[in-house]
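Student: Quick check, what structure comes out for this input:
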Amino acid sequence: MKKDVIKLIDIHTHILFDVDDGPKNESDSLNMLKQAAMEGITDIVCTSHAMHPQYHVQYSKVEEQVSALQQLLQDHQISITLHTGHEVRLNDELLPRLQQKELHTLAHSHYILLELPSNTIPAYTKEMIRRLKSAGYTPILAHPERNHAIRENPKRLDDLILEGAFTQITTGSLTGLFGKEVQRLSLALVRANYIHTIGSDAHNVSTRKFCYQAALQYLAKKNEVEVVDRLLMNNASVLANKPIMPLELEDIAVRKRWLLF
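Tutor: Presented below is the predicted three-dimensional model:
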């Protein structure tokens, strides 16, 4: 792994405090940022929930907290750069809200982190991807390996990717945080070129921590060093608002017992 060459950029985190199911106060956020620094992470996109059934963090609140936490990092001499973002739940009002600057893209890029419902892929998902692409946005599907419908049949991702969406694997999925079945499916998706970026989806320093180094080491042990470099370079492309080059999708080796959830 070229860790000394390729920056460690986390494009999916819940680092802002007292806004959603992430840290509760500034001290909790600081502890998370210290943990991120120990992992070697240099840049963090702060992707608090938006348009979620339980949480919607206002556009201005994200900007306000990112600025305040960046000053906190400077005060504690922690070399991490924070960027604005949202994890946007799929919704039919998504595009106008984006165009009205009520939702953050990832680090002011044309990429938007799009969250599907936990159990399903709504019938209008493909149409929403088309509409976003036509308007100049590129959706990145957050943690598809944890979506129940995709876990039942990973090939359901085909149409979404072929329509122009990219995907983001969760570091904890690779380390086994969400169970062995999700871990095995995650590796299969990575090997079949269904995964384009990586993010921690960190919420705290205990049960939902960054797991960044552990995830990269897991892939390296599985002889996927080139994948590690590709995921990290794609993350850098997101931050720089540059194109990601998708690879041709290959067959996913799915064991029948993976379907038993």
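Student: show me what contacts L8?
Tutor: E39, G40, I41, T42, D43, Y212, L232 (C-beta atoms under 8 Å, 6 or more residues apart in numbering). C-beta coordinates here come from the backbone N, C-alpha and C atoms, glycine included.
Student: Tell me which of those residues fall in helices.
Tutor: Among the contacts of L8, the members found in helices (DSSP state H) are E39, Y212, L232.
Student: For H56, state which of these is nearest.
Tutor: Nearest to H56 out of the ones in helices among the contacts of L8 is Y212 (C-beta to C-beta; 27.4 Å).
Student: what's the distance between that closest one and A36?
Tutor: 8 Å (C-beta to C-beta, to the nearest Å).
Student: Show me which of the contacts of L8 are buried.
Tutor: The neighbour count (16 or more other C-beta atoms under 10 Å) marks E39, I41, D43, Y212, L232 as buried among the contacts of L8.
Student: Could you count how many residues lie near P53?
Tutor: Using other C-beta atoms under 10 Å, P53 has 9 other residues around it.
Student: for stretch 137-156, which positions count as buried?
Tutor: 137-147, 149-151, 154.
Student: Just to be careful, could you list which of those are in helices?
Tutor: A149, I150, R151.
Student: In TSV: the buried ones among the contacts of L8, plus pLDDT.
Tutor: Formatted as TSV, these follow (pLDDT from 0 to 100):
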residue	pLDDT
E39	97
I41	98
D43	98
Y212	96
L232	97
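Student: Give the intersection of the neighbour lists for Y212 and A36.
Tutor: Counting by C-beta under 8 Å, 6+ apart, the contacts common to Y212 and A36 are D10.
Student: quick check: mean pLDDT across stretch 179-191?
Tutor: For stretch 179-191, mean pLDDT rounds to 97.
Student: Now Q168: which helix or strand?
Tutor: Q168 belongs to strand 166-170 when assigned by DSSP states H and E.
Student: Which strands and helices lie in contact with that strand?
Tutor: strand 8-13, strand 138-142, helix 180-191, strand 197-199 (3 or more C-beta pairs under 8 Å, 6 or more residues apart in numbering; DSSP states H and E).
Student: out of those, deepest packed?
Tutor: Most buried of the helices and strands packed on strand 166-170 by mean neighbour count (mean count of other C-beta atoms under 10 Å) is strand 197-199; its value is a mean of 28.
Student: contacting residues around it?
Tutor: Against strand 197-199 from outside (C-beta under 8 Å, 6+ apart): 10-13, 45, 47, 140, 142, 166-171, 215, 231-232, 234-235, 238, 244.
Student: and with 6 Å instead?
Tutor: Residues from elsewhere that reach strand 197-199 (C-beta atoms under 6 Å, 6 or more residues apart in numbering): D10, I11, H12, Q168, I169, L231, N234, N235.
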